[in-house]
Structures are given as C-alpha cells and as structure tokens.
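J.: What would the 3D arrangement of this be:
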Amino acid sequence: MDIGEVSKRTNLPASTLRYYEEKGLIASNGRNGLKRTYKSSVIQKLALITLGRNAGLSLDEIKDMLLPDGLKIDRAVLLNKADELDSRIAALTAMRDGLRHAAACQAPQHLECPKFLRILNIAGRRWGRPSRRRKP
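T.: Below you'll find the predicted structure:
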C-alpha cells in the first residue's frame, strides 16, 4: 500500500506516518515512484500506536513495546498508566460533580453555598502544582 492508502485507511495524515517512520515506530518497505509503500501489517501497528497514544503513553514507551514481528508488553508501564488514568478519572469526576452542583445550586449566591465553598477550597489548594502530563 502506498502512503496515501495507509493514510486514508487509518485516518492519520501522511505527515504523521512519515514522523512515525522517522521515530522508528513503523517502517516502509520501499517506494513506488516518490511515494512510500508499506506492508498491510502496518495498519495493525498503527492501531496499536493509536491505542497507546489514546491511553497516554509516550511514543518512546510505545516504541519500546513494538517488535518487528510482534509486541513486548511492559506490564509495569501499563499498570502505572492505568493508575494515572484512575487519578485523572477521580479528579474529572469530582470536577463534573462540582459543575453539576453549581448549575443546580439553589443558594441565592454561590459564595453562600457550603458545598460550593468546599469545591473552591479544594481547587485553591491545587494552585501552583505542576502538571503531571508527560511530554510526547
């Protein structure tokens, strides 16, 4: 398949495919004129890369798990990422619940609502903390 077909089938821009190739995540098997060509197995590898990226893994973490003929899953990395996701889910759930409460609160002023004040207090304690996001 040429790069255009892979791009179309995976919904990834050709620039991303070239970048993944540059990073060593995928490999072309040659060229057809000026266009790179790939084996059909690249589709599955790109699906794995997309899954890893959606889970928050860095490209380096994903690369370490990809072998030319399969996968070498690092269970510790996956468990750590699952723990990070659990923390983010808990924080997002609390934020969602706070927004729902603020939208439905019957207090004349939100600053008179004890629950809203608790939410503000929690948010204030988190100021100045560095982001836990990893660089790609």
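J.: distance of E61 from R36?
T.: Applying CB to CB, to the nearest Å, the value for E61 to R36 is 25 Å. To be clear about C-beta, it is placed using only N, CA and C from the backbone, and glycine gets the same treatment.
J.: What is the burial count for H101?
T.: Look at H101: counted by other CB atoms under 10 Å, it has 15 neighbours.
J.: which helices and strands sit right next to the helix or strand harbouring it?
T.: If you go by DSSP states H and E, H101 is part of helix 75-104. Using 3 or more CB pairs under 8 Å, 6 or more residues apart in numbering; DSSP states H and E, the elements in contact with helix 75-104 are helix 59-65, helix 114-125.
J.: If I take it and helix 114-125, what angle do their directions form?
T.: Put simply, helix 75-104 runs at 140 degrees to helix 114-125, going by axes from the mean of the first three to the mean of the last three CA atoms, to 10 degrees.
J.: coming back round to it: wait, which of the helices and strands packed on helix 75-104 is closest to I89?
T.: Proximity to I89 (CB to CB) singles out helix 114-125 among the helices and strands packed on helix 75-104, at 16.4 Å.
J.: Check which residues of that closest one are buried.
T.: For helix 114-125, the neighbour count (16 or more other CB atoms under 10 Å) marks 116, 119 as buried.
J.: Make 35 the starting number, not 1.
T.: New numbering, starting at 35: the last item is helix 148-159.
J.: I'd like the average pLDDT over it.
T.: The average pLDDT within helix 148-159 is 79.
J.: Show me how far it is from its chain's centre.
T.: The chain centroid and the centroid of helix 148-159 are separated by 29 Å under CA atoms, centre = their mean, to the nearest Å.
J.: repeat for stretch 54-71
T.: 24 Å.
J.: again with stretch 118-129
T.: A distance of 15 Å separates the centroid of the chain from that of stretch 118-129, by CA atoms, centre = their mean.
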